[in-house]
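Trainee: sequence first, then the predicted structure, then my questions.
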Amino acid sequence: MAAFNQFKTAILLGLLSALLLWIGSFWGQNGLITALFFAAIMNLGSFYFSDKIVLALYRAKVIAEKDNPKLYHIVKEVTQKAGLPMPKVCIIPAHHANAFAVGRNPKNSAVACTLGILELLDEEELKGVIAHEVAHIKNRDTLIAAIAATIASVISFIAMMARYAAIFGGGRDNERKGNPLELIVLAIVTPLIATLIQLAISRSREFIADETGARLVRNPNGLALALQKLEKSTHAHPFGISAVTESTAHLFISSPFSARGFLTLFSTHPRTEERVKRLKAIRI
């Protein structure tokens, strides 16, 4: 299953790249290069400083072994099994039960848990959560997310240029500029498709981290139970909807927001029911 999801990620990244080339053909080389420059600067900055930025946003405190021996030992045990260097261990002062991992590579990574998740889960469940987060570090998911975000940002930037061109004039040529259907596709539909593909990549990486983490600790049941508890806890102790949490929702092991029906297409995480089903199907 992990191999399938890796293939799915590659296909989705390929589709995103193809969409970029297609939209670039409308605007021309200069517009594409300009968009690539601004998107690369923005997302490279986020990639290299994401650990510091996100930890600061959530007031995460780096702890030593003496501060929380249980959590520290679990992180140490799991990272040793994964063959990775010890990441920073952080605690977030929030009652919302959740966790995330950040860092551009295994040498510059951190695993953060809220006070809520430490109170909610037993040791087996917490180990499953930590294994999932360590799997994100092992699989270089921060890099993959940065690549997807950069391509999607370029597409959105070009779409914005197309909208301004429609208002003030300009564009690659008069024939295409005068076609209202192509303009709608270029300015509105294309960035929406790019966003959907980017979110699909995020959901695919969650499935991979679930399986990788379950195999690291040789226990898919711990993570399955944890995910079920976390979903219920989200309704009782929400983080609160804000620009900050929406922009970083994809980092958490469980989405801080609830999405049902059609809205699941815009979710950064797969449905908990599907994740639990896949975990229970794993044979160790």
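Mentor: On my side now, so go ahead. Numbers count the residues shown, from 1 in each chain.
Trainee: neighbours of the closest residue to His132 other than its chain neighbours, how many?
Mentor: Distances taken as CB to CB, 6 or more residues apart in numbering put Gly213 closest to His132, at 3.8 Å, once the chain neighbours are dropped. Quick note: C-beta positions are derived from backbone N, CA and C, even for glycine. Residues within reach of Gly213, counting by other CB atoms under 10 Å, total 29.
Trainee: now swap in Lys61 and tell me
Mentor: 13.
Trainee: can you check the one 4 residues further on too?
Mentor: Applying the criterion other CB under 10 Å, we find 12 residues in the vicinity of Glu65.
Trainee: OK, contacts around it?
Mentor: 72-73 (CB atoms under 8 Å, 6 or more residues apart in numbering).
Trainee: sec struct for it, please.
Mentor: What DSSP: H, G, I helix; E, B strand; the rest coil gives for Glu65 is coil.
Trainee: what are the phi and psi values for it?
Mentor: phi -60, psi -40 (degrees, to the nearest 10).
Trainee: does the residue nearest to His132 touch Lys138 like I think?
Mentor: No: Gly213 is not in contact with Lys138 according to CB atoms under 8 Å; the separation is 9.0 Å.
Trainee: now the closest residue to Lys8 other than its chain neighbours: which helix or strand?
Mentor: Closest residue to Lys8 apart from its sequence neighbours, by CB to CB, 6+ apart: Ser204 at 5.0 Å. Here Ser204, judged by DSSP states H and E, is contained in helix 190-216.
Trainee: any regions of the stretch 1-150 of the chain where pLDDT drops low?
Mentor: By pLDDT under 70, the low-scoring segments of the stretch 1-150 of the chain are 1-6, 21, 24-32, 34-36, 38-40, 42-47.
Trainee: can you show me the strands along it?
Mentor: Taking DSSP state E, counting those that start in this stretch, the strands of the stretch 1-150 of the chain run over residues 61-62, 88-92, 99-105, 108-114.
Trainee: what angle sits between the third one and strand 88-92?
Mentor: Note on geometry: by axes from the mean of the first three to the mean of the last three CA atoms, to 10 degrees, strand 99-105 and strand 88-92 are set 140 degrees apart in direction.
Trainee: can I get strand 99-105 in PDB? Just the C-alpha atoms.
Mentor: Provided in PDB are the C-alpha atoms of strand 99-105 (Å, rounded to 0.1, in the frame of the first residue of the first chain):
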ATOM      1  CA  ALA A  99       0.900  16.600  17.300                       C
ATOM      2  CA  PHE A 100       3.100  17.400  14.300                       C
ATOM      3  CA  ALA A 101       6.700  17.200  13.000                       C
ATOM      4  CA  VAL A 102       8.600  19.900  11.300                       C
ATOM      5  CA  GLY A 103      12.100  20.300   9.800                       C
ATOM      6  CA  ARG A 104      13.700  20.500   6.400                       C
ATOM      7  CA  ASN A 105      15.700  17.300   7.000                       C
END
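Trainee: for that strand, buried residues please.
Mentor: For strand 99-105, the neighbour count (16 or more other CB atoms under 10 Å) marks 99-104 as buried.
Trainee: and that strand, how far out from the chain middle?
Mentor: Distance, stretch centre to chain centre, for strand 99-105: 10 Å (CA atoms, centre = their mean, to the nearest Å).
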